[in-house]
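Undergrad: here's my sequence, what's the structure:
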Amino acid sequence: MSTSSNPLPRELLAPRYWLTWIGFGLWFLIAQLPYSWQMAMARALTPLLNLNKKRVKMARTNLQLCFPQKSDDEIEALLKKNLESTAIALFETGIAFFWAKSRLRKLFTITGVEHVEQANADGQGAMLLSLHFTTLDIGSAMLGIYVNYDGMYTPHKNPVFDYVQKVRREAYAPGGIAFARDNVRAMISQLRKGRMIWYAPDRDLGAKVSVFVPFFGVPAATVTATAQFARMGRAKIIPFSQYRLDNNKGYQVVIHPPFENYPTGDEIADTRRINEYFEQEILKVPEQYLWAQPRFKTRPEGMPKVYK
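TA: Predicted structure coming up:
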């Protein structure tokens, strides 16, 4: 699993990590099963996610805040579908990590590659704007078959998992680099070189790096870095999405046209525009969004906490 650019550190072979390596071995074997079998297994295992009561409660709270027009029964129905989507994501990540590209290619269609090709022809870097759908990893692996890009990721506390996710995610796009999300200097440098950078800013990273703009009508701490990186890296914003199709029919990857007149220099307007795009995409497949994240953890001064 090691590569010349990411040699396996000897300390990760220590006995205390053997159980993690065994887990990855089992994950690899499960990932080799037929796609339809894995989807059936995911759906069968979905009820186990209810054991994580904290995350289930968080997802329910987020759905209630973002869709106040829905009845309790509608919220619970959407939550049930979302838990199923989350269970499927565990298997999809294994597919993204361990399938050969020739096998993965049979699972999806893609449109909009011309937007990336035009940026490359112009010699201009671009931020490939994504968001935390449950299909995040498999969508990124599919994108990498057609688009060579670098990516930002959140390092994992388990050093073995962190090593594996970095190595496998760099394999999504041959020649790509995965760097920690706080390595801003590297990101700007790559953008100025004309590279594509995968970036998903739909997380609450605290008030110091954010402004409060609406997310489904709820004030949400939203990072301002998207516009800053675009300006500093002289880069386009090219959004892309992936959608899981019903009945095990695979996926659709869509690369959208670049944002026009972005950034404008108006921090609030630019950040709000990002959230409006996210809302538009989430409404297409709301059950596939990662609702079990503390999106509203940071609150405007004087407003009560939403997660108790």
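
Undergrad: buried ones in the longest helix along the chain?
TA: Longest helix of the chain, by residue count under DSSP state H: helix 72-98. Within helix 72-98, the residues that count as buried by 16 or more other CB atoms under 10 Å are 75, 78-79, 82-98. All C-beta spots, glycine's among them, are computed from the backbone N, C-alpha and C.

Undergrad: quick check, residue 64 in contact with residue 75.
TA: Yes - the pair residue 64 and residue 75 passes the contact test of CB atoms under 8 Å, sitting 5.9 Å apart.

Undergrad: could you pull out the helices in the chain for me?
TA: If DSSP H is used as the criterion, the helices of the chain fall at 18-31, 35-45, 53-66, 72-98, 101-104, 113-122, 136-146, 159-172, 184-192, 225-232, 267-282.

Undergrad: remind me which residues of the chain are low pLDDT?
TA: 1-5 (pLDDT under 70).

Undergrad: would you mind finding the longest strand in it?
TA: For the chain, the strand with the greatest residue count under DSSP state E is strand 236-244.

Undergrad: can you list the strands that that strand pairs with?
TA: With DSSP bridges as the test, strand 236-244 is paired with strand 126-129 (parallel), strand 251-255 (antiparallel).

Undergrad: in TSV: the ones you listed, plus distance to residue 235 and mean neighbour count.
TA: Shown next, in TSV, are these (distance: least, CB to CB, whole Å; neighbours: other CB atoms under 10 Å):
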stretch	distance to residue 235	mean neighbour count
strand 126-129	5	26
strand 251-255	15	19
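
Undergrad: mind checking which of those is nearest residue 52?
TA: With CB to CB as the criterion, residue 52 lies closest to strand 251-255 of the strands paired with strand 236-244, at 25.9 Å.

Undergrad: report the angle between the closest one and helix 136-146.
TA: 60 degrees (axes from the mean of the first three to the mean of the last three CA atoms, to 10 degrees).

Undergrad: let's have the chain start at 40 instead
TA: Sounds good: first residue 40 from here, last item strand 290-294.

Undergrad: would you agree residue 328 is in contact with residue 321?
TA: Yes - here residue 328 lies in contact with residue 321, judged by CB under 8 Å, at a distance of 4.9 Å.

Undergrad: what sits in contact with each of the two?
TA: Taking CB atoms under 8 Å, 6 or more residues apart in numbering as the contact rule, residue 328 and residue 321 both touch residue 170.

Undergrad: so for the two, which sits in the more crowded spot?
TA: residue 328 (27 against 22; other CB atoms under 10 Å).

Undergrad: distance of the closest residue to residue 159 other than its chain neighbours from residue 122?
TA: Nearest residue to residue 159, sequence neighbours excluded (CB to CB, 6 or more residues apart in numbering): residue 233, at 7.2 Å. Distance from residue 233 to residue 122, counting by CB to CB, to the nearest Å: 41 Å.
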